[in-house]
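Q: Structure for this input, please:
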Amino acid sequence: MYAVIMAGGVGKRFWPRSRKDRPKQLLDIVSDQSMLRLTYERMKKIADEKKIYVAVGQNLTDQVLKELPELSERNLIVEPCGKNTAPCIGLVATHIIHKDPNAVIGIFPADHLIKDTRAFATAVSKGVQFARDHVALVTFGITPTRPATGYGYIQYDKKETAYKSAIYKVKTFAEKPNLATAQRFLESGEFLWNSGMFIWKAENILNALKLFQTEMYESMQNIRNAIDTPRYDSVLKKQWATIHPESIDYGVMEKAKNVYVVRSSFDWSDVGSWDAVYEIKKKDKNGNVLIGEVLTLDSESSYIYSRKNLIATIGVKDLIIIQSKNSILIVNRNETEKVKDLVELLERKKMTEHL
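A: From the prediction side, this is the model:
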């Protein structure tokens, strides 16, 4: 298996620590290592290091190579700019099939947290065997432990098992639900959390792009014809400019009929918000996570971070407070999904010094 780490995101929900020049995946958010390093170490347990690739935007290549000095520059698949996951995955598959026409590719975001690497490796092994032997697009669904509203869901057919009672035909995908809907999903026993991880043969995902994203597929074919030639950079730039941004879920997975899910029970978090980080971190007797120059009185259930200036609080509860560089964020823990909206407001107001 070729293991591909997608490391091109901008991490808007993790502002103000996450910035354009150093986004979430390069930060030590959940441990003393970066999210990218944690993911790379996890990939080493399931794939030959020579077959570990990193997909990244042009602006982050130097930082990725600095973070992963053992990674060969030849194992970087560089996007001129971010255009969501479908073009990224198309470019990845195009490069790898050029090297190996029978390649099986695993797609893994750089910013997930998985501690049970043994169970993870077992699930991946099942997915690889199934993807190698079937014309299938395989994803991973995590058995839900609570009615989470921050995750998408996968409904699977419990009657149609395909491999050792672990892989099932997918019925449908569901967007992030409200609490009542999430509770119904949980009670039905037919839904899994959508992990955003995939395995498939390069040939099969490219054929799916040909069927559902024809123009994107044609661009990828033009790019493939230029690989290993002096024309590559100019062809990539020209073709990339014509590609419409699209997610792999909406662009392919929700449309395809040959989608299967590995029902998995390893611990998993997409670490999608500051509140998710709070939930992961060890807390003090007052339920606080305090990092850096922080002093509190009568404060509880909060995440407070400052490596530079002292942050002092009195009588606060359920807050996220982050000081980083020239900015301070203060947000209720149940509103952290809106940090992305705040970043987009900064963009509209052209307050680029804070981005």
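
Q: Now do the same for the residue nearest to Leu26 when sequence neighbours are not counted: its pLDDT.
A: Computed as CB to CB, 6 or more residues apart in numbering, the closest residue to Leu26 that is not its neighbour in sequence is Ser34, at 5.2 Å. To be clear about C-beta, it is placed using only N, CA and C from the backbone, and glycine gets the same treatment. Ser34 is assigned 95 on the pLDDT scale.

Q: got a list of what Ser34 touches?
A: 25-28, 67 (CB atoms under 8 Å, 6 or more residues apart in numbering).

Q: Turn those into CSV, columns for pLDDT.
A: CSV is the format used below for these (pLDDT from 0 to 100):
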residue, pLDDT
Gln25, 93
Leu26, 94
Leu27, 93
Asp28, 93
Glu67, 95
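
Q: Pick out the one among the residues you listed with the largest number of neighbours.
A: Counting neighbours by other CB atoms under 10 Å, Gln25 leads those with 32 neighbours.

Q: thought Ala226 was touching Lys238?
A: No: assessed by CB atoms under 8 Å, Ala226 is found out of contact with Lys238, at 9.7 Å.

Q: So which elements touch the helix or strand Ile199 falls within?
A: Under the criterion of DSSP states H and E, Ile199 resides in strand 191-201. In terms of contacts (3 or more CB pairs under 8 Å, 6 or more residues apart in numbering; DSSP states H and E), strand 191-201 is packed against strand 104-109, helix 117-133, strand 137-142, strand 153-163, strand 259-264.

Q: Contacts for the second one, please.
A: Just to be clear, that refers to helix 117-133. 1, 42, 45-46, 104, 106, 114, 136, 138, 140, 162-164, 166-167, 199-201, 204, 260, 262, 264-267.

Q: Just the buried residues of these.
A: Buried subset of the contacts of helix 117-133 (neighbour count, 16 or more other CB atoms under 10 Å): 1, 42, 46, 104, 106, 114, 136, 138, 140, 162-163, 166-167, 199-201, 204, 260, 262, 264, 266.

Q: about what we covered before: export the contacts of Ser34 to CSV and append columns for distance to Val339 and secondary structure.
A: Compiled in CSV, these are given as follows (distance: CB to CB, whole Å; DSSP: H, G, I helix; E, B strand; the rest coil):
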residue, distance to Val339, secondary structure
Gln25, 16, helix
Leu26, 18, helix
Leu27, 14, coil
Asp28, 19, coil
Glu67, 24, helix
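
Q: ranges for the strands of the stretch 1-150 of the chain?
A: Under the criterion DSSP state E, counting those that start in this stretch, strands of the stretch 1-150 of the chain are mapped to 2-6, 52-57, 76-79, 104-109, 137-142.

Q: May I see those arranged in CSV, with mean pLDDT as well?
A: Formatted as CSV, those follow (pLDDT from 0 to 100):
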stretch, mean pLDDT
strand 2-6, 98
strand 52-57, 97
strand 76-79, 97
strand 104-109, 98
strand 137-142, 97
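
Q: Export these as a markdown table, with columns for distance to Lys20.
A: Formatted as a markdown table, the strands of the stretch 1-150 of the chain follow (distance: least, CB to CB, whole Å):
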| stretch | distance to Lys20 |
| --- | --- |
| strand 2-6 | 17 |
| strand 52-57 | 10 |
| strand 76-79 | 15 |
| strand 104-109 | 18 |
| strand 137-142 | 29 |
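
Q: Figure out which of those is closest to Glu175.
A: Nearest of the strands of the stretch 1-150 of the chain to Glu175, taken as CB to CB: strand 137-142 at 15.0 Å.

Q: Since that was my last question, I'll sign off now.
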